[in-house]
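Asker: kindly return the folded structure for what I paste below:
(2 chains)
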Amino acid sequence: MAEKRFNNTLPLLGMICRQERLQLPLWLAGLAGFTLIVAISFTNLYTNERELQEIAQSMINPAVTALVGPGYGIDNYTYGAMMAHQMLGMTALITGIMNILLITRHTRANEEDGRLEMIRSLPTGRLSNIGAAMLTAVIINLLLAVVIGFGLYTLQIESMEWEGSLLYGAALGAIGLFFAAVTGLLAQLSESARGVTGFSIGILLLAYAVRAIGDVSNETLSWLSPFGWVLGTEAYVNNYWWPIAVTLGTAVIVTVFAFYLNAIRDLEAGFVPSKPGRKHASFLLHHPFGLAFRLQRTGIIAWGAAMLMFGAMYGSVLGETESFFEEIDMLQEFIQPEAGYSITEQFLTMLMAVMAMASTIPGVMAMMRLKAEEKKERSENLLSLAVSRNKLMGSYALLALLHGFIMLSLAGLGMGLAGNAVMEESLSVWGFYEAAVVYLPAMWIMIGMALFFIGLSPAFAGVTWAYLLYSFIVVYLGGLFQFPDWVTNLTPFGHIPQLPVEDFKLAAAAGLTGIAIILAAAGFISYNRRDIEG
Amino acid sequence: MTVLQTKQLTKKFGSFTALDGVDIQVNQGEVYGFIGPNGAGKSTTIRILLGMMKATQGEAEIFGKDAWRKAVDIHRDIAYVPGDLNLWPNLTGGEVIDLFGKLRGNMNQEKREKLLRRFDLDPEKKCRTYSKGNRQKVALVSAFATDADLYILDEPTSGLDPLMECIFQESVLEAKQEGKSILLSSHILSEVEQLCDRVGIIRDGKMIETGTLQELRHLTRTSIYLETKQPVPALAEQGGVHNLEIKEDGVSFQIDTEYMDSLFQYVSGFGIVKLESAPPTLEDLFMRHYEGTSEGGPS
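Answerer: Here you go, the predicted model:
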């Protein structure tokens, strides 16, 4: 090519690999390890066909369908069919996130930080950088497909034959590449890395929601979503390969378009231009709390809209749950209804736990922003003014508490309004709301923990995320894996009374709140004592 | 021979005109000083020259090749140092220097070691631990360790201490002695004065002055300190005299170059005791051009 648009792509690829030498192998090991462990655990949990059929019946309800996708081969629910039903959708979602973060890091983030300017001043082509980033995505997704595909086959589990296993792996690789391509495109449009990540994850969640709504109501809608495509492979049951081709084909088209936009635009410019801001600080910006809020305003609005939709989505399927349960006699035996409460209401408690944990994410993120500000050496700008460390940390803590509370409220209200409208014998909207806000003490512990680690040393703050992930696995998948009690007791979300089925327990709420306060206090004390890092 | 040339270079961002017909010419073996206030268009010009931005109109050529279309070929023989360099936090300085060298394909290992010692840079540290000055050193070592024909330096000494700044100047002069060409955009006028053969001043996207320092000085005023036996009565009324100040024993003022002759004929009648004259510094030039439009003083 005359302009040598891809000159020196390979050395850049080498450098990305060098930078990613820890991160990507960890992602790969995590995704593959989790997949294989779940596959093995299925064979231990369900030892005969009858058990498999029972779990199959319990799985065909709108809530599960919305969450993980439609089940295929329910009549003959083999281990393979179970894997593809319960695991593929969620794993695809996480694979998508991995690719979004990877591509943003090496495209717009690189550009925004000015590193790309230096690279472009060397004899590298206009498209070498994005080319190298996309090649990295190809490599990691191919590896993921091969490792998971062969890994599943090597387990030699009955019904998990080689074609289905490879297809399962390929589905993950394909959706990964799809979101890598989408992120590559958005990196041309938005001028900031935050914008790229935000929009990409927005598209990811939207695609998942479209599939969820489509699977519950109208199948055609699901085919508009890439998640609908990869689940449409029906791995281990019908083994359709063509959806893989569709996904990869779309990814290639999107990538080519991204490359084209990249080639014609100026460095550090985006096709969605940023508009000029205010001349003066608004009234809100006269306090560290105002600053903390202002910095996260867009995120708060986006999360709020997402949580409201998330809640409404779950709420809207509750009405159909009822009819599902009525149709299937066997299922009513399988789940013993608590006296006085419908099965739907019991399902509702599980959904509430999931939403409470989802609402905890923005709350903890708001707190973690303090860590990011410190790392970027911006905290010192404030601390060098007449702002005490307590005031700074307190501002972020207050914002985190408010943020989490608002998100949980929105999720609860969304679910309540939608659920109330579609259910026959319904809980009041207030009943839904109560069932949601009862989770506040558990959320406070998570925020308190973030506070504690930020106070101790920002390096450990990531532990909070690991703990939240642990809580999610234990609470959400607990029923599936039959974890021992102590495993469930280790998460604050396991101690929350499940309204409306259980009664409110003051002691549990007070205990959890107490722990949260102690964590927070320890965080404040050590934050005042340690060095501010740069 | 012309190494770098722009002709009527224009760049618009929407309705905003960042560059408006900029002409620059850098010849071989020459150090060209590119000065102007913040936001005047220096970095935009450089980015167009580096093929990172596309000019709206006009030409930008390096080594006679189009800066946008032949960017890769051009970049094999140039070295660029930006004013603010971000590096990959988890790579070491040494790794980054080698990467740049490998991509350019003409790094001189001997020079690399020599420059690391000269600039006193520890290549084993991760980039996240470097201060701004040290990050700048990474770029400088990488640039001067390269056998490039043209160096494009965009405020290269920001964050360096005075000692390092001297070493930077040495490195520039060495490169010049080897016949290399240098485009130096800078705010540090003493640096430009010491290093540059020719200077171009840009303001609001337009080149307002170009020439050798000598030529530019003719356009401006000379500072004079004068002591006479008898007081000079009508000094302030003489043409071309500015900023007159009465000192303890004498007077100090500035004089427009074209009035020099008539003024000295006038004052010689009062018995000159002491006369000190200082050539206009680049700073005077700079200030005058920057304030130019608002002040509206005589030229």
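
Asker: check which helix or strand covers the nearest residue to A:I518 once chain neighbours are set aside.
Answerer: Closest residue to A:I518 apart from its sequence neighbours, by CB to CB, 6 or more residues apart in numbering or on different chains: A:G448 at 7.7 Å. Glycine gets a C-beta too; all of them are placed from N, C-alpha and C. Element membership for A:G448 (DSSP states H and E) is helix A:440-456.

Asker: report how many residues lie close to the residue nearest to A:I518.
Answerer: 27 (other CB atoms under 10 Å in any protein chain shown).

Asker: gap between the helix holding A:G448 and the chain center?
Answerer: How far helix A:440-456 lies from its chain's middle: 20 Å, per CA atoms, centre = their mean, to the nearest Å.

Asker: and what of stretch A:347-356?
Answerer: So, by CA atoms, centre = their mean, the centroid of stretch A:347-356 is 16 Å from its chain's centroid.

Asker: find the centremost residue of the chain, please.
Answerer: Picked chain A for this. The geometric centre of chain A, computed from its C-alpha atoms, lies nearest to A:I94 (CA atoms, centre = their mean), at 6.6 Å.

Asker: oops, I was thinking of chain B
Answerer: Central residue of chain B (CA atoms, centre = their mean): B:G33, at 3.2 Å.

Asker: assign a three-state SS to it, would you?
Answerer: Secondary structure state of B:G33, per DSSP: H, G, I helix; E, B strand; the rest coil, is strand.

Asker: can I get stretch A:88-104 in CSV? Just the C-alpha atoms.
Answerer: Output of stretch A:88-104 as CSV, limited to C-alpha atoms (Å, rounded to 0.1, in the frame of the first residue of the first chain):
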residue,chain,number,x,y,z
LEU,A,88,-22.8,-19.6,27.7
GLY,A,89,-24.7,-16.3,27.9
MET,A,90,-23.1,-15.1,31.1
THR,A,91,-19.6,-16.1,30.0
ALA,A,92,-20.2,-14.4,26.7
LEU,A,93,-21.1,-11.2,28.6
ILE,A,94,-17.9,-11.3,30.6
THR,A,95,-15.9,-12.1,27.5
GLY,A,96,-17.4,-9.0,25.9
ILE,A,97,-16.3,-6.9,28.9
MET,A,98,-12.8,-8.3,28.7
ASN,A,99,-12.6,-7.2,25.0
ILE,A,100,-14.1,-3.8,25.6
LEU,A,101,-11.5,-3.0,28.3
LEU,A,102,-8.7,-4.5,26.2
ILE,A,103,-9.4,-2.5,23.1
THR,A,104,-10.1,0.8,24.9
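
Asker: A:I300 sits in which helix or strand?
Answerer: Short version, using DSSP H and E: A:I300 is in helix A:288-327.

Asker: any weak-confidence spans in the chain?
Answerer: Picked chain A for this. Low-confidence segments of chain A (pLDDT under 70): A:1-2, A:63, A:275, A:320-340, A:478-481, A:534.

Asker: not quite, go with chain B.
Answerer: Along chain B, the model assigns pLDDT under 70 to residues B:218-220, B:289-299.

Asker: would you mind listing what in chain B touches chain A?
Answerer: Residues of chain B lying near chain A by CB under 8 Å from any CB of the partner chain: B:14, B:47, B:50-54, B:69-76, B:78, B:80, B:82, B:84-88, B:90-91, B:95, B:99-100, B:102-105, B:139, B:152.

Asker: what residues does the residue nearest to A:I518 make contact with?
Answerer: A:G448 makes contacts with A:515-520, A:523, as judged by CB atoms under 8 Å, 6 or more residues apart in numbering or on different chains.

Asker: one more time with 7 Å
Answerer: By CB atoms under 7 Å, 6 or more residues apart in numbering or on different chains, the residues touching A:G448 are A:516, A:519-520.

Asker: buried set for the helix holding A:I300?
Answerer: A:288-293, A:295-296, A:299-300, A:302-304, A:306-322, A:324-325 (16 or more other CB atoms under 10 Å in any protein chain shown).

Asker: using the three-state scheme, assign the residue in the stretch 151-299 of chain B that chain A sits nearest to.
Answerer: Closest residue of the stretch 151-299 of chain B to chain A, CB to the nearest CB: B:I152 (7.5 Å). Under three-state DSSP, B:I152 falls in the strand class.

Asker: B:A79 now?
Answerer: What three-state DSSP gives for B:A79 is strand.

Asker: can you get me a residue count around it?
Answerer: 28.

Asker: then A:F483?
Answerer: 17.

Asker: outside of stretch A:18-37, which residues touch it?
Answerer: A:87, A:91, A:94-95, A:98, A:136, A:140, A:143-144, A:147-148, A:151-152, A:155, B:88, B:90-91.

Asker: list the buried residues for it?
Answerer: A:19-20, A:24, A:27-28, A:31-32, A:34-36.
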